[in-house]
Every structure is written in C-alpha cells, then in structure tokens.
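> Structural data only, the sequence is not supplied:
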C-alpha cells in the first residue's frame, strides 16, 4: 500500500509587522496593562499553537510528507507582507522537519503586485527564491512535483491579472501604434470613468488554454497511478458562501473540469481563496470510474475559525486510489485543535457491497493485527478489507508507528 500525507495551508494574508517602540509601552507594562493595539503582538502565540496541533496529529497518525500552500501569502503583493508569509513557511518547514523541496506553492491574487500597470509576481518569486523555495509556479509555468510517486501539479489561476492575460494582450494590440503620451491619456480617461478599472480586472480568475492543454496531456499520460493532485488558488466550482462576488469561480472552469474528467483519472483539486472549508465531488453519469474532488481550505490567520487541513491519501501498491481522509485543525478561543474529519472514496466499493464480515472475529478477540483479521475473514482482497476498515467509524486502528498496515492493531469500539 502507498500512502501520502499533505498539510494544506492557504490565504495567510500576512500584514506588515508593527514595530513597537519600547518607550511607548513601558509604563503600561509596569501597570500590567497593555494597549489593545499591542495586545495580540505581545501575548498571542497562535503560530506555535497551530504547529503544536499539527505535531499532535502526527503523533496520533503518521509523519506529514509535504506541505502545500495555495496562495495569498501576503497582501496586494506588497513585499514586506510576502516576507512575513515566507517567514511562516520557513517556520513550518523547520518545526515539521520538511525539506523545502517538499513545500509546493501556487500563487494567489494577493501575491500580485497591484501597483504595476501590467502587474507581476516579482516580489513573490524573489522572496521564495531568496529563501530557497523552488517548488512553486508563476505565470503559466506549471510546476510538477512527485511526492512518494504521486504527481502534484501547481498551476496559476490568477492569469486575469498578469501581463499574459488576453485582456492586456488585446489592449496592447489596440494601442500599439499610439505614442506614449496618447497611451497615458487613454489610461487617464479610463481612470476617470472607473477608478479601479485595472485593479478590478486583476481579480478575474483564469486558468487559460495553455495550462488546460498541458494538464490534460500530462495527466492522461500518467501510467504509474490512477490519481493526480492539482493545486490552484481559486475555487473551480461555485461554493456555498452567501457572500456576493462578481466571479464565484474560475471563468474557464467548465472547460477545465470537462477535460480533467476526460483523462479517466481521479483528480483532487486543492484550493484556497474562499476562506472556509468546502468540498465538492463530481463524476460523469456515463462514467463513474473516476471523479473530480474539489477541496477548499480555510484561511490560516489569528481569527477564530481559521484552519489548516491534513489530507491522508491511501493507494494500492499498483497506484489505485483507495481512500482519502481530510482532517481539519481549527482555531477556537482556547487554541488550535482537531475539528473532525471526513473521507473521500470511490462509490464502487462500499462496506455493504463488499460484505466483508469482520464483526465476529473482532467480537471473539479483543483485538487483532490486520494480517490476522485478514485470515479470520476468509482472506478477502487486502485492499478491500483496508478500505472498509478505514471507512467504518466503529473501528479503532492503532498504527503502532508503522507504515506497514498489515501490522496495524484493529479493534472495535
């Protein structure tokens, strides 16, 4: 059996640090009172509490293999805010003992520099490269990383705001014969008509034909497993939020999803942007052999309800998807803690359909290791038994800190 565990963080939206002058607050410290504007800086260690909760999950389950970040490290592409986001990535890698090559990043719309006419990811790219992070994408350069033989594709869904967008290409084509002064006059008139005409356009989420073509080709040609993981910032489907937004999903998501379903692979799209957890699983009525799962992560910050997610994938030795567990670690008034989990699995193999009767062996014995239970249940397929055990909430699995699931200790609540 193959397994893969990913820590998903998104939408950090880090702000510039407030520089505290000690002379400003020394009197307040003497009186044991701290001004509200300094309180969170002085007393709150939410980052440490978040990491402690992640490490606690590792102690109960298994080592996290990689970290994925689906964008919005900073705020509006401001270099100092991206520095703060990258600093947190460094902290995560250090505390979780994750190599920087195993931190995979795609950009968000707030990683774009908004003060440039054409807009760019210059600050984003520069800061990541400076700190030694290489597994990230910008523009249309899809980054493909293999972690434990599972392919992860990081793509850019923010093309609406870059110089590569069709809008800006067309604009430049139209004005190509104008002088600089004439160009400035046109931009001035556009500004007078719509103060934020360029800024508004930056938030149109687009994947683009080049990325769609490459994704379809590369995923179709995979022959080592039946699943692929795609990272993007924007949600490909409309979500359950009641907040009104001009664009509730990527504007070319229909084309993207149709082409991905046509690969006959199981696709897991991990994204951010919406600031809350949301999952949608779709498949074709004509072909239920594969599915597309869209899994949105909540924003990670100091607010109650902010979260990280840990995704635990299980595959057969031949690379076929068995089951994926999604664990949520959320912040409440007392800190970060596990906030439940749910499972994603294909609907061909369910407990009822496979009819594996493991109740009697577990009733007769307080607990069995997996290989013993396999024999006691008349030797069904190992992967079938593993799937129903992972899916059954009444089953308790003690992994004994081993990846060898045949040595896992199985009991029933």
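Ah, there it is. Predicted, not measured: the structure shown is a model, and the values here were computed from it. Residues are numbered from 1 along each chain as shown.
> Quick check: residue 291 is in a strand.
Yes - counting by DSSP: H, G, I helix; E, B strand; the rest coil, residue 291 is part of a strand.
> For this protein, which segments are assigned as helices?
22-30, 36-43, 46-60, 79-96, 122-130, 166-174, 180-193, 197-202, 209-220, 253-261, 351-354, 359-364, 370-376, 382-391 (DSSP state H).
> Present those as a markdown table; the columns should include mean pLDDT, distance to residue 107 and mean neighbour count.
To be clear about C-beta, it is placed using only N, CA and C from the backbone, and glycine gets the same treatment. Compiled in a markdown table, the helices of the chain are given as follows (pLDDT from 0 to 100; distance: least, C-beta to C-beta, whole Å; neighbours: other C-beta atoms under 10 Å):
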| stretch | mean pLDDT | distance to residue 107 | mean neighbour count |
| --- | --- | --- | --- |
| helix 22-30 | 41 | 37 | 10 |
| helix 36-43 | 47 | 27 | 11 |
| helix 46-60 | 93 | 22 | 16 |
| helix 79-96 | 94 | 10 | 18 |
| helix 122-130 | 92 | 6 | 18 |
| helix 166-174 | 60 | 17 | 13 |
| helix 180-193 | 75 | 25 | 11 |
| helix 197-202 | 52 | 12 | 16 |
| helix 209-220 | 94 | 13 | 16 |
| helix 253-261 | 92 | 17 | 18 |
| helix 351-354 | 45 | 41 | 12 |
| helix 359-364 | 86 | 49 | 13 |
| helix 370-376 | 89 | 42 | 17 |
| helix 382-391 | 82 | 34 | 19 |
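> Could you dump those into a markdown table with distance to residue 143 added?
Below are those laid out as a markdown table (distance: least, C-beta to C-beta, whole Å):
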| stretch | distance to residue 143 |
| --- | --- |
| helix 22-30 | 43 |
| helix 36-43 | 35 |
| helix 46-60 | 24 |
| helix 79-96 | 15 |
| helix 122-130 | 11 |
| helix 166-174 | 23 |
| helix 180-193 | 34 |
| helix 197-202 | 22 |
| helix 209-220 | 11 |
| helix 253-261 | 17 |
| helix 351-354 | 38 |
| helix 359-364 | 45 |
| helix 370-376 | 37 |
| helix 382-391 | 30 |
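> buried stuff in stretch 97-117?
98, 100, 102-114 (16 or more other C-beta atoms under 10 Å).
> Out of those residues, which comes closest to residue 90?
For the buried residues of stretch 97-117, the residue nearest residue 90 by C-beta to C-beta is residue 100; the value is 8.4 Å.
> what's next to stretch 139-147, contact-wise?
4, 6, 65-66, 101-102, 104, 106, 121, 135-137, 151-156, 159, 162, 164, 208, 210-211, 214-215, 218 (C-beta atoms under 8 Å, 6 or more residues apart in numbering).
> Any idea how far apart the tips of that stretch sit?
End-to-end distance of stretch 139-147 (C-alpha to C-alpha, to the nearest Å): 23 Å.
> starting at the chain centroid, how far to it?
Distance of stretch 139-147 from the chain centroid (C-alpha atoms, centre = their mean, to the nearest Å) equals 14 Å.
> Quick check: mean pLDDT of it?
Per-residue pLDDT values across stretch 139-147 average out to 91.
> and it, which residues are buried?
For stretch 139-147, burial by neighbour count (16+ other C-beta under 10 Å) applies to 139, 140, 142, 143, 144, 145, 147.
> Closest one of these to residue 53?
Looking across the buried residues of stretch 139-147 and measuring by C-beta to C-beta, the closest to residue 53 is residue 147, at 22.4 Å.
> Show me how the protein divides into domains.
For the chain, automatic domain parsing gives the domain ranges 2-19+38-344, 351-412.
> quick one on the thing from earlier: mind listing which of the buried residues of stretch 97-117 are in strands?
Counted as lying in strands by DSSP state E, out of the buried residues of stretch 97-117, are 103, 104, 105.
> Reformat those as a markdown table; add pLDDT and distance to residue 288.
A markdown table is the format used below for these (pLDDT from 0 to 100; distance: C-beta to C-beta, whole Å):
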| residue | pLDDT | distance to residue 288 |
| --- | --- | --- |
| 103 | 98 | 35 |
| 104 | 98 | 30 |
| 105 | 98 | 33 |
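> Would you reformat these as CSV and include distance to residue 73?
What follows is these, written out as CSV (distance: C-beta to C-beta, whole Å):
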residue, distance to residue 73
103, 12
104, 13
105, 8
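> Which strand residues bridge the closest residue to residue 148 other than its chain neighbours?
Excluding its sequence neighbours, the residue lying closest to residue 148 (C-beta to C-beta, 6 or more residues apart in numbering) is residue 4, at 5.2 Å. Listed by DSSP bridges, the beta-bridge partners for residue 4 are residue 313.
> Let me know whether residue 4 touches residue 152 as I believe.
No - using C-beta atoms under 8 Å, residue 4 is not in contact with residue 152, being 9.1 Å away.
> joint contacts of these two?
Any residue near both residue 4 and residue 152 by C-beta under 8 Å, 6+ apart counts here, and that gives residue 66.
> In the protein, where's the longest strand?
Using DSSP E, we find that the single longest strand of the chain is strand 321-332.
> Which secondary structure elements does that one sit against?
helix 46-60, strand 307-315, strand 335-344, helix 382-391 (3 or more C-beta pairs under 8 Å, 6 or more residues apart in numbering; DSSP states H and E).
> so residue 109 makes contact with residue 70?
No - look at residue 109 against residue 70 with C-beta under 8 Å: they stay out of range, at 11.4 Å.
> what's the overlap in contacts for the two?
233, 273.
> Next, the contact list for residue 7, please.
Counting by C-beta under 8 Å, 6+ apart, residue 7 makes contact with 54, 64, 66, 67, 68, 92, 96, 308, 309, 310.
> distance of it from residue 325?
Separation of residue 7 from residue 325 (C-beta to C-beta, to the nearest Å) stands at 13 Å.
> Could you do residue 108 as well?
Taking C-beta to C-beta as the measure, residue 108 falls 26 Å from residue 325.
> and the nearest residue to residue 122 once chain neighbours are set aside, what is it in contact with?
Excluding the flanking residues, the one nearest residue 122 by C-beta to C-beta, 6+ apart is residue 113, at 6.3 Å. Residue 113 is in contact with 76, 77, 78, 119, 120, 121, 122, 123, counting by C-beta under 8 Å, 6+ apart.
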